[in-house]
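*Asks:* based on what follows, work out the 3D shape:
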Amino acid sequence: MVRYLHPPRPWWLRRKLFTDKPDPKTGRYYTYTYVAHPWYVKPTFWSRWNPEALRTRFLWRGDLPGDEAYHPEGYSIAELGPDYQKGKGQEEMEKNKAQLMERRKAQQQGGCPMSIFQNAQ
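*Replies:* Next comes the predicted model:
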């Protein structure tokens with residue numbers, strides 16, 4: 001019944017959890033909401049003083065956006081993961097990306113579609 005009789009939500013009623021585009025100044029993404037800890041939540045006036053944040057302050061039950069332990073500067077996709085792995089593998093990923101783009105260009109110029117797999121190993 002739900003599958004056929006309920007249309008999808010319009011875009012203005014959907015709940016947004018993450019920013020769609022990175023911040024133009026920093027190039028990082030943010031989350032809008034949090035349950036227990038404010039990981040990657042941008043410390044704006046509203047995020048620190050909204051009703052949920054006031055309840056958190058009143059009950060002393062947690063941290064607020066902007067606390068340094070939860071990365072208020074946002075995240076970039078290349079840096080997600082454990083702290084000991086941050087920044088590792090970036091050069092290798094860029095090299096692989098360049099190789100794949102070259103192979104794709106060769107394929108589009110009339111090469112065999114399966115030739116991209118011949119030298120992959």
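*Asks:* pLDDT weak spots in this structure?
*Replies:* Applying pLDDT under 70 to the chain picks out residues 109-121.
*Asks:* at 50 instead, please
*Replies:* 121 (pLDDT under 50).
*Asks:* output the contacting helices and strands for the helix or strand hosting Glu94.
*Replies:* Per DSSP states H and E, Glu94 falls inside helix 90-108. If you count contacts as 3 or more CB pairs under 8 Å, 6 or more residues apart in numbering; DSSP states H and E, helix 90-108 packs onto helix 115-118. All C-beta spots, glycine's among them, are computed from the backbone N, C-alpha and C.
*Asks:* ok, how many other residues are close to Thr31?
*Replies:* Thr31 is flanked by 18 other residues according to other CB atoms under 10 Å.
*Asks:* whoops, Tyr34 was the one
*Replies:* 18.
*Asks:* nearest residue to it other than its sequence neighbours?
*Replies:* Using CB to CB, 6 or more residues apart in numbering and skipping residues adjacent in sequence, the residue nearest Tyr34 is Val41, 5.7 Å away.
*Asks:* doesn't Tyr30 make contact with the one you found?
*Replies:* Yes. With contacts counted by CB atoms under 8 Å, Val41 reaches Tyr30, the gap being 6.4 Å.
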